[in-house]
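In: have a look; sequence and predicted model below, questions after that.
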Amino acid sequence: MQHNAPDPTAIPHLNRNVLFRLIHLLRLPVNSFVDTVPPGNFLRNRSILYNLCLTSRYLYEHATPLLYETVVFFLDDKEPSKTLAKTYGDMRHLLLLIRTLVLNPNRSPMIKNVVCPSNLAADISWPWLQPGDVFAQRLLGVMLRLCPNVELLLLRQPPDDWYQYLFGILTRGTGNNSVRVVFAQLSTLCLQQLDNDDLDEIVLDVPLRLHWTQNIVRLHIWRDRGFYFFDPNFSWAQQLLELKFVGCVEATAMYRICREAVRLEILSLVISGSGNRFLYPPPAERDLNHALALRAGTLKELEFRTCKFDWYRDQIGISERLKCLPLLERLERLTVEIPIISKMSRTNPGSLTFVGLPRNIISLEIVEGWPAQNRALIEKLLIEFASVDSDHLLSLRRIRYVFNTPNPTLIDLDRIGSSFDPTRLRFSYEEDNIEERYHLNQD
């Protein structure tokens, strides 16, 4: 009796739903707005997805959309981007992708995330380029016009006006609202501006007023050094659910943003150097306390770090403390430095006490702050949390202490942790990595 040899390309007899879920575990990760390179598993997952596409028709049908979902291009001809481009994607790969999208229009809707974590080269010398032609922007604009379902766009912002150039490409031959059509699905916009000695101020309104923001609900902007200047029109903030700033923002600007962002749920403000600009204290009714109070009914997550720039605390208010926190009735997660939310106790000299916390807080991350605080007082403060009145903070379940390096033996964090009842309130601690995480220029 003859037996047919098994088909080496056959899929094992797995439940199709199980197989589908396994494939989706390989979804390509997307850069955070402060990532200069894709996450570590990006190349591995992309390689596996490519090989799955060559294995069987079923795997091809389900792996191909994931392979196209996130595209990464390094379009700068200078190091280190030039080396990264060979690994992740360069000008040649972008040209090949455009050709594929033109020949196979069914692939265009698969592209959801476009990531360009490097400047767009403006001085590439290719034979067919006219003088002054900005080829990288031209190619990027052509690709974006072919992709109707882009949901996330990450761009490195150079100190020139290439946004207007890209806008011109996107609107060429169409109506005035073409950008809204091209970016009809765009919900997350990430802009990067790394240290540039020639630019101490960055005008954010340039990209924002290009009508990209009609549907944007997540705006992430990262600048490792420098001051943000805003046009008076803040209408771009009206639809925001999530706003993350790394840079230097005046309290008066944050007040106007919070006044417009009536749906804002997540806010992160991490201060870096302001360059050469001096920040004047805001009017009392336009300080950061008043700004956050405007979002008392919507804000669920708040991260506020002044880092080494304690001069920024003038922007909080006269007290230099976040006294508005008890007003934030929906706030569930809070990350903040101890000096901003604490003061010396009047009833118990030699102790710290909080100025007030949101009643419905679930997760609290308190940071030691700069300069190094009196750790003996911090130890008392943490121990007091272990016996905090559950009637006061009904929802608090997690508290994390973030310390500066090195952590001296003045605080035995393990001993403090043992005084917490983990069934009611979990305690943990970690080293502060803010400078590494946000690549801050602390000059």
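Out: Structure received. Numbering: from 1, shown residues only.
In: the stretch 201-350 of the chain: strands as residue ranges?
Out: Applying DSSP state E, counting those that start in this stretch to the stretch 201-350 of the chain gives strands spanning 201-203, 218-229, 242-248, 266-271, 301-305, 333-337, 342-344.
In: among these, which is nearest L155?
Out: L155 lies closest, by CB to CB, to one member of the strands of the stretch 201-350 of the chain: strand 218-229, at 10.6 Å. Bear in mind the C-beta positions are built from the backbone N, C-alpha and C, glycine included.
In: so what does the closest one touch, helix or strand wise?
Out: Here strand 218-229 touches strand 188-193, strand 201-203, strand 242-248, going by 3 or more CB pairs under 8 Å, 6 or more residues apart in numbering; DSSP states H and E.
In: for the closest residue to D314 other than its chain neighbours, list the residues it contacts.
Out: Spatially, and ignoring its direct neighbours in sequence, D314 is nearest to P281 (4.5 Å; CB to CB, 6 or more residues apart in numbering). Residues near P281 by CB atoms under 8 Å, 6 or more residues apart in numbering: 287, 314-315.
In: so for E151, which of the strands of the stretch 201-350 of the chain sits nearest?
Out: Across those, E151 has its closest neighbour in strand 218-229 (9.7 Å, CB to CB).
In: out of the strands of the stretch 201-350 of the chain, which is closest to I399?
Out: The closest of those to I399 is strand 333-337. By CB to CB, the value is 10.2 Å.
In: doesn't V72 make contact with I111?
Out: No. Using CB atoms under 8 Å, I111 is not in contact with V72, being 11.5 Å away.
In: between the two, which one's more packed in?
Out: V72 (25 against 22; other CB atoms under 10 Å).
In: please report the distance of that one from Q193.
Out: 19 Å (CB to CB, to the nearest Å).
In: ok, L264 next?
Out: In terms of CB to CB, L264 sits 22 Å off from Q193.
In: now do the closest residue to Y68 other than its chain neighbours against D76, distance only.
Out: Using CB to CB, 6+ apart and skipping residues adjacent in sequence, the residue nearest Y68 is M110, 3.8 Å away. Separation of M110 from D76 (CB to CB) stands at 26 Å.
In: more neighbours: those two, which one.
Out: Neighbour count, other CB under 10 Å: between M110 and D76, D76 has more, with 24 against 17.
In: the more buried one touches K82, doesn't it?
Out: Yes. The pair D76 and K82 passes the contact test of CB under 8 Å, sitting 6.9 Å apart.
In: distance to L49 for the helices and strands packed on strand 218-229 - can I get that in TSV?
Out: Shown next, in TSV, are the helices and strands packed on strand 218-229 (distance: least, CB to CB, whole Å):
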stretch	distance to L49
strand 188-193	22
strand 201-203	37
strand 242-248	28
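In: just send the ones you listed back as JSON lines, with mean neighbour count and distance to R218 too.
Out: Converted to JSON lines, those look like this (neighbours: other CB atoms under 10 Å; distance: least, CB to CB, whole Å):
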{"stretch": "strand 188-193", "mean neighbour count": "22", "distance to R218": "4"}
{"stretch": "strand 201-203", "mean neighbour count": "16", "distance to R218": "19"}
{"stretch": "strand 242-248", "mean neighbour count": "22", "distance to R218": "4"}
